[in-house]
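> the sequence and its predicted three-dimensional model are supplied below.
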Amino acid sequence: MGAYELDGSPYALERAALQELLDVLRAHGYTTVGPQIEHGAIVYDELHRIEELPIGWTDVQEGGSYRLERRNDDALFGYNVGPHSWKRFLSPPLRLLWRARKTEDGFEFVVDEEPPPRYAFIGVRACELHAIQQLDAIYMAGAATDKDYQRRREALFIVAVNCGKAGNTCFCASLGTGPGVGPGYDIALTELLDGEHRFVAVAGSVRGAEILETIPHRSATDADIALAEATIAQAARRMGRSLETAGLKELLYRNIDHPRWEAVAQRCLTCGACTMVCPTCFCFSIEDATDLSGQVAERWRRFDSCFTLAFSFISSGSVRTSAKARYRQWLMHKLAAWQDQFGAIGCVGCGRCITWCPVGIDITAEAAALRAEESGQLQPEPAAV
Amino acid sequence: MATQRKPRLAVWKFASCDGCQLSLLDCEEELLAVVEQVEIAYFLEASRAVVEGPYDLSLVEGSITTPADIERIREIREASRFLVAIGACATAGGIQALRNFGDVREFAAAVYAHPEYIETLKRSAPIAEHVFVDFELRGCPINKHQLLEVIAAYLHGRKPNIPTYSVCIECKLRGTPCVMVAAGVACLGPVTQAGCHALCPAYGRGCFGCYGPMETPNTASLMTWWREQLGASPQTIVRALRTYNAGNEVFRKESEAYEHAHD
Amino acid sequence: MTAQRMAFPEAMRGSAVSPQAAQAPILSLDAFRPYRCRVAGRQQENDDTFTVELTPVGARRHAAFAPGQFNMLYIFGVGEIPISISGDPAEPDRLLHTTRAVGVVTRAMAKLREGDVIGVRGPFGTHWPLEALQGKDIVIVAGGIGLAPLRPALYYLVAHRKDYERVVLLYGARTPEDLLYRSELERWRARFDLEVYVTVDRATGDWRGNVGVVTTLIPRAPFEPRNAAALICGPEIMMRYAVQALQKRGVDATQTWLSLERNMKCGVAMCGHCQLGPHIVCRDGPVFRMDQIEHFFGRGEV
């Protein structure tokens, strides 16, 4: 399990220590954010007390369906991911990029930069950590840097949690993005529910280790560690779905004109919900606006979706007008083109797009259907890329 | 509108409830800014006055339901540089377009003692069915921020930032968990145009479709899901689709597909 | 123009801007904030097309650009659009953009007067790989406004004329009135070392030149296919036919470059709008070598 290959010996924390962890982080100036129940789902919001977590709740997910259910224990993290993802904190859905004022001599920019928030995310799952790293590659590692994202990201403290269960729409195990967290966290927790309710904690950074030292702990025993590993392994075995990645890019590039796209377009609502809940979908639009007087202009940045008509609009109209083309763009971008653009598959296997599609369209099923049509035989000629 | 004088704004009313016009009054502090920028040449309730012009921007509320309406909207069009239809009545015929599904003479006979005095068209029609419309601002009622955006855009010669995508996108931007997925509530959000900031789902209700169909609605797929997964009856579906935008082609056709179906 | 200022990098992919432009301070401050430029001149090219010259406000200077690159131009309160640079790369201080008034922003641009201030971000994207094409016949195929992003290439070729074999310009417009840069076309046509062929879809007035789409010029244009490189810009359909006609003559995809249009919002490969399959057009394009995009180019709705 990746979590234990890093530095430092694992600690065991009692449940009560988790509140101290929150308190210490807040004392260090972090705004702590974590899972909470709202409107019948587990969302991410500011977290002050451990009691605000969805204690004793779990989620039951299927294509187009999500329900909370009681667990028969008091687990703090006994669920998977909900409709929110962390991207809304690192790259808020709507952001003012700048404001300018008309002057006698043209216009001038009004400087009103705010200090970025310092977030500590509590309960980041393995797939979500991968998703954040995907956003890093897009917003920070290209020719230009999204400064606002960078400042939020650099200030970020990550308390990750290994998954002890897997949802019906989860498929991170097949992508190698979970359920155990990989590098990139400050502290990683594994919740142990057998016997005494406790957590195995590992530091993944210097500041993570420093914070961990300040809260009550003991060394984790071999039994603690074995149980933690078994818990994660069990989640890996219970994934509801899987995605075969071998030759996936070539498979999709070969099948641009496959009739399957037409079939899925019959069901696809082009509502864009999948792109909004996806933790890696990074597209945004830039909107220029004025006030009524025309004296003040603003530029806004807003989450956008490749399912909208405006997304591909050029002088001769939208490039992708059919639902087929837009669904294909989304899936092919996520699973194939992303590899060429940013060096990895753009999907982390969290299953949000499946659960939160209002009509339950399943990305793994669509990819599998294309593969099945080819009867598992890769044709010799890969795409010319 | 690079004229010396202030641009002239007119607000016109046809068959409607006045709710959309009230959105303009509802602007409160922004209304002062509006008045600073435009001369409000014609406004509210004065629907019997003669059309004088020209107007730089005409906001038209309400649907066309009488022969006199047809004449008046043509005059307004001629007197207006830009004409923006506001609200579900002006863009889809409104709730009164329910009469399009029946026989208006029967309704008149049932309601009025002397139906022979009632001069009315068979159908309640959106403005664009009779004259060219520069822009349609959807909603029942319209959203005041969108109205201000449209006015500002026309004043300054830019494209209004009025998205035509689904309510789902607004709902997600707002962070509301989907009521359909998380609670099994029938919701028209996936096929309805954004603009209301996903108001109803934020209160746990399904979207009522006040803003009419989104740019590329797949109502057939959504209604199949309602039927098969949410257990909605054909009557539920017909009622859901026949409200403020009943007259819109997309919602009308889909409702007709379920009109004679049985459970 | 010194070699130092104008080194064309070989790599097409991953090179967002020319090395000179990459050193410019624009993006390091805020990728989305334009720098202000004053309209220093304005030239009407035809009915709906015009060229503006832009000079930075204050002490800053334009970054050097390579032929084929584009800028994002911002009209206060109206919006921002990608427009290719159409001036001389040897004179980066004279920033020229030729635009057709077709949308809201370009119509607002059409109303610009000398002294007005607009915003500029860029330069962005890949360029025509001219330095790598030394010793070749260069065939330039332009349709309509597509000549604008190719004009910097022509300036460069003229300035480095001895480094190339034949230089051929094939240019098509709808009518004679739609032709861009008419006096320049005449000057180029008068040169013995340039072959300029112009055609119109529809002859009007006293037009006595070629009539027909620009791709009909390709079969009889004077170049040696085995040693030719083609640079194409125009409507997508015209580019598809141009590629076919060139291939028929033996100019293969590896020697054919074209400039693509996609919706561009950020210019810095972040916003996702300008994708074409695996390519992010603002970063990997707009200039692509045909064989790199063959699988996706011209396929319906990709």
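Received it, and whenever you're ready, just let me know what you need.
> walk me through the domains of chain A.
According to automatic domain parsing, chain A is divided into the following domains: A:2-237, A:248-373.
> return the set of buried residues in stretch B:64-79.
Using 16 or more other Cβ atoms under 10 Å in any protein chain shown as the burial criterion, the residues of stretch B:64-79 that qualify are B:64, B:65, B:69, B:72, B:73, B:76, B:77, B:79. All C-beta atoms are positioned from the backbone trio N, CA, C, and that covers glycine.
> can stretch C:143-158 be found next to chain A?
No: Stretch C:143-158 lies apart from chain A when judged by Cβ under 8 Å from any Cβ of the partner chain; the minimum separation is 9.3 Å.
> what's the end-to-end length of that stretch?
End-to-end distance of stretch C:143-158: 20 Å, with Cα to Cα, to the nearest Å as the criterion.
> quote the end-to-end distance of stretch A:251-270.
With Cα to Cα as the measure, stretch A:251-270 spans 24 Å from end to end.
> which of the domains of chain A is buried the deepest?
domain A:248-373 (a mean of 21; mean count of other Cβ atoms under 10 Å in any protein chain shown).
> hmm, back to that, now the buried residues of stretch B:64-79 as CSV including secondary structure?
As requested, these are exported to CSV (DSSP: H, G, I helix; E, B strand; the rest coil):
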residue, secondary structure
B:64, strand
B:65, coil
B:69, helix
B:72, helix
B:73, helix
B:76, helix
B:77, helix
B:79, helix
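> show me which of those is closest to chain C.
Nearest to chain C among those: residue B:77, at 22.1 Å, using Cβ to the nearest Cβ.
> re earlier: could the domains of chain A be laid out in JSON lines, adding mean pLDDT and distance to residue C:137?
As requested, these are arranged in JSON lines below (pLDDT from 0 to 100; distance: least, Cβ to Cβ, whole Å):
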{"stretch": "domain A:2-237", "mean pLDDT": "94", "distance to residue C:137": "33"}
{"stretch": "domain A:248-373", "mean pLDDT": "95", "distance to residue C:137": "31"}
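> could these go into JSON lines alongside distance to residue B:111?
Formatted as JSON lines, these follow (distance: least, Cβ to Cβ, whole Å):
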{"stretch": "domain A:2-237", "distance to residue B:111": "43"}
{"stretch": "domain A:248-373", "distance to residue B:111": "39"}
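> dump those into TSV; add distance to chain B as well.
Output for these, formatted as TSV (distance: least, Cβ to the nearest Cβ, whole Å):
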stretch	distance to chain B
domain A:2-237	4
domain A:248-373	3
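> and of those domains, who's closest to residue C:123?
domain A:2-237 (11.7 Å; Cβ to Cβ).
> is my assumption valid that residue A:68 occupies a position in a strand?
Yes: under three-state DSSP, residue A:68 falls within a strand.
> so the residue lying closest to it once chain neighbours are set aside bridges to which residues?
By the measure of Cβ to Cβ, 6 or more residues apart in numbering or on different chains, the closest residue to residue A:68 outside its immediate chain neighbours is residue A:57, 5.3 Å from it. Beta-bridge partners recorded for residue A:57 (DSSP bridges): residue A:70.
> residues in contact with residue 54?
Went with chain A since none was named. Residues touching residue A:54, when contacts are defined by Cβ atoms under 8 Å, 6 or more residues apart in numbering or on different chains, comprise A:35, A:36, A:37, A:42, A:68, A:79.
> chain B, not that one
With contacts defined as Cβ under 8 Å, 6+ apart, the neighbours of residue B:54 are B:8, B:79, B:80, B:81.
> give the contact list for residue B:216.
Applying Cβ under 8 Å, 6+ apart to residue B:216 gives the contacts A:270, A:309, A:321, A:323.
> from the residues you listed, which is closest to residue B:40?
Distances from these to residue B:40 were compared by Cβ to Cβ; the smallest belongs to residue A:309, at 34.0 Å.
> average model confidence for stretch B:111-129?
Confidence over stretch B:111-129 (mean pLDDT, whole number) is 92.
> what about it, start to end distance?
Stretch B:111-129 has an end-to-end distance of 27 Å (criterion: Cα to Cα).
> that stretch: which residues count as buried?
Buried positions in stretch B:111-129, judged by neighbour count with 16+ other Cβ under 10 Å: B:120, B:121, B:123, B:124, B:125, B:126, B:127, B:128.
> and for stretch C:238-258?
Residues C:238-239, C:241-243, C:245-247, C:249, C:251, C:253, C:255-258 are the ones in stretch C:238-258 that count as buried (16+ other Cβ under 10 Å).
> which one of these is nearest chain A?
Checking the buried residues of stretch C:238-258 against chain A by Cβ to the nearest Cβ gives residue C:253 as the nearest, at 8.9 Å.
> right, and that closest one touches residue C:293 too?
No: under the contact definition of Cβ atoms under 8 Å, residue C:253 does not touch residue C:293, with a separation of 9.0 Å.
> now for the strand or helix carrying residue A:127, which elements pack on it?
Mapping residue A:127 onto the secondary structure by DSSP states H and E places it in helix A:126-139. Using 3 or more Cβ pairs under 8 Å, 6 or more residues apart in numbering or on different chains; DSSP states H and E, the elements in contact with helix A:126-139 are helix A:87-90, helix A:147-155, strand A:157-161, helix A:338-342.
> check the offset of the second one from the chain's centre.
I take that to be helix A:147-155. Once both centres are worked out by Cα atoms, centre = their mean, to the nearest Å, helix A:147-155 turns out to sit 17 Å from its chain's centre.
> which strands and helices lie in contact with that helix?
If you count contacts as 3+ Cβ pairs under 8 Å, 6+ apart, helix A:147-155 packs onto helix A:87-90, helix A:126-139.
> contacts for it next, please.
By Cβ under 8 Å, 6+ apart, the list of residues contacting helix A:147-155 from outside reads A:89-91, A:95, A:116-119, A:132, A:135-136, A:139-140, C:30-31.
> again, but for the third one
Counting by Cβ under 8 Å, 6+ apart, the neighbours of strand A:157-161 from elsewhere in the structure are A:3, A:21, A:25, A:30, A:77, A:118-126, A:129, A:132, A:181, A:184-191, A:204, A:207-208, A:211.
> tell me the helix or strand right after that strand.
Sequence-wise, the next helix or strand beyond strand A:157-161 is helix A:172-175, with elements assigned using DSSP H and E.
> using CSV, write out every CA atom in that next one.
This file holds the C-alpha atoms of helix A:172-175, laid out as CSV (Å, rounded to 0.1, in the frame of the first residue of the first chain):
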residue,chain,number,x,y,z
CYS,A,172,-10.3,3.3,-9.1
ALA,A,173,-8.6,-0.1,-8.6
SER,A,174,-8.7,-0.8,-12.4
LEU,A,175,-7.0,2.6,-13.0
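> partner strands of the helix or strand following that helix, with direction?
Once the chain leaves helix A:172-175, the next helix or strand it forms, by DSSP H and E, is strand A:187-192. Listed by DSSP bridges, the sheet partners of strand A:187-192 and their directions read strand A:157-161 (parallel), strand A:198-203 (antiparallel).
> residue B:194 is nearest to which of the ones you listed?
Evaluated with Cβ to Cβ, those place strand A:157-161 nearest to residue B:194, the distance being 33.0 Å.
> got the angle between that closest one and helix A:126-139?
Regarding strand A:157-161 and helix A:126-139, their directions subtend 150 degrees when assessed with axes from the mean of the first three to the mean of the last three Cα atoms, to 10 degrees.
> using CSV, write down the CA coordinates of strand A:157-161.
Only the C-alpha atoms of strand A:157-161 are listed here, as CSV (Å, rounded to 0.1, in the frame of the first residue of the first chain):
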residue,chain,number,x,y,z
PHE,A,157,-2.9,20.9,3.5
ILE,A,158,-4.3,17.5,2.6
VAL,A,159,-5.5,15.0,5.2
ALA,A,160,-6.2,11.9,3.0
VAL,A,161,-8.3,8.9,4.0
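> avg pLDDT for stretch B:71-88?
The pLDDT scores in stretch B:71-88 average 96.
> how about it, does it reach chain A?
No: judged by Cβ under 8 Å from any Cβ, stretch B:71-88 makes no contact with chain A; its nearest approach is 15.1 Å.
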